[in-house]
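> Quick one, structure for this:
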Amino acid sequence: MSVHKEIKRITTHILQEMKQRGEKISMLTAYDYSMATILDDAGLDVLLVGDSASNVMAGHETTLPITLDQMIYHAASVIRAVKRAFVVVDLPFGSYQGNSKEALNSAIRIMKESGAHGVKLEGGEEIIESVQRIITAGIPVMGHLGLTPQSIYKFGTYTVRAKEEEEANKLKTDVLALQAAGCFAIVLEKIPAALGKEVTESLHIPTIGIGAGPDCDGQVLVVNDMIGLTKGFKPRFLRQYINLYDEILGAAQSYIRDVKGNDFPNEKEQY
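The predicted structure follows:
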């Protein structure tokens with residue numbers, strides 16, 4: 001049975017219970033008040049204020065340019081809409097790497113200034129000190145392994161990660177390190193489905209997959225991709241539930257036609 005009718009607010013404890021009883025966790029990105037209102041009303045368990053806002057909201061090629069201030073702006077907009085979902089916010093590139101004190105300060109700013117419920121960091125053993133420092137301050141942390149977009153210039157490609165034994169073994173080590181450090185969940189992005197299954201079964205905390213197979217404890221997609229707002233982006237892992245690009249394009253063209261034809265506004269649409 002779903003938790004929708006049983007609780008008012010999703011927490012890390014509820015997410016842990018969902019894993020234990022085998023209920024899948026639903027997660028989508030959100031960046032603004034209007035979309036977050038719809039997604040929360042729909043019953044999403046987790047909303048991720050992702051640094052993918054850099055791509056889909058600001059038009060950047062990568063996630064690297066988005067700033068901490070911009071992430072806080074998006075997060076605060078989402079929080080104002082949400083009554084039920086657990087809201088996690090990405091720490092953006094440059095706000096935590098290599099400096100655990102800066103990581104803690106960034107996480108505190110997000111929590112205080114946006115009202116978010118937790119933060120997400122990319123990386124494994126190399127960020128453990130930051131993860132531990134943030135968690136010690138009482139801030140829930142979600143990990144992120146596999147394809148980590150903030151490291152795109154190191155990888156050089158958005159291809160599937162951890163196909164080779166060495167990288168797969170490192171991922172297995174990293175997930176256990178993140179769990180031991182206190183992460184409440186871990187995102188697994190673009191890894192072989194068999195590895196996603198193995199890793200999920202090795203952990204007592206939930207895994208959230210994006211291109212990581214059906215055996216993760218939950219799934220996440222970028223909402224703009226899922227509803228077809230992102231023109232021409234159709235990776236293998238994406239299921240597009242509606243094509244809003246074409247719907248909005250058609251609506252805008254109809255509006256242009258009505259305005260230029262002096263059909264809008266009509267008598268019922270004026271005072």
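
> Tell me who's in contact with residue 135.
By CB atoms under 8 Å, 6 or more residues apart in numbering, the residues touching residue 135 are 141, 181, 182, 183. (C-beta placed from N, C-alpha, C; glycine too.)

> now it: how far from residue 143?
11 Å (CB to CB, to the nearest Å).

> Identify the contacts common to those two.
Contact criterion CB under 8 Å, 6+ apart; residues shared by residue 135 and residue 143: residue 183.

> what residue lies at the spatial centre of this structure?
Residue closest to the average C-alpha location in the chain (CA atoms, centre = their mean): residue 48, at 3.6 Å.

> That one belongs to a helix, doesn't it?
No. Going by DSSP: H, G, I helix; E, B strand; the rest coil, the assignment for residue 48 is strand, not a helix.

> Test of understanding: give the bridge partners of it.
Beta-bridge pairing of residue 48 under DSSP bridges involves residue 29, residue 88.

> ok, it touching residue 220?
Yes. Residue 48 is within contact range of residue 220, at 6.3 Å (criterion: CB atoms under 8 Å).

> Common neighbours of these two, please.
Common contact partners of residue 48 and residue 220 (CB under 8 Å, 6+ apart): 27, 28, 29.

> In a markdown table, list the residues you listed along with neighbour count.
Below are the shared contacts of residue 48 and residue 220 laid out as a markdown table (neighbours: other CB atoms under 10 Å):
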| residue | neighbour count |
| --- | --- |
| 27 | 27 |
| 28 | 24 |
| 29 | 27 |
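
> got those as JSON lines, with pLDDT and distance to residue 188 columns?
Formatted as JSON lines, these follow (pLDDT from 0 to 100; distance: CB to CB, whole Å):
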{"residue": "27", "pLDDT": "98", "distance to residue 188": "12"}
{"residue": "28", "pLDDT": "98", "distance to residue 188": "16"}
{"residue": "29", "pLDDT": "98", "distance to residue 188": "16"}
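
> Show me what counts as buried in stretch 123-139.
Buried residues in stretch 123-139, counted by 16 or more other CB atoms under 10 Å: 123, 124, 127, 128, 130, 131, 132, 133, 134, 135, 139.

> do stretch 160-168 as well
By 16+ other CB under 10 Å, the buried positions in stretch 160-168 come out as 160, 161, 162, 168.

> all helices for the stretch 101-250 of the chain, in order.
128-136, 152-155, 165-181, 193-202, 223-226, 244-260 (DSSP state H, counting those that start in this stretch).

> Of the ones you listed, which is nearest residue 216?
The closest of the helices of the stretch 101-250 of the chain to residue 216 is helix 193-202. By CB to CB, the value is 5.3 Å.
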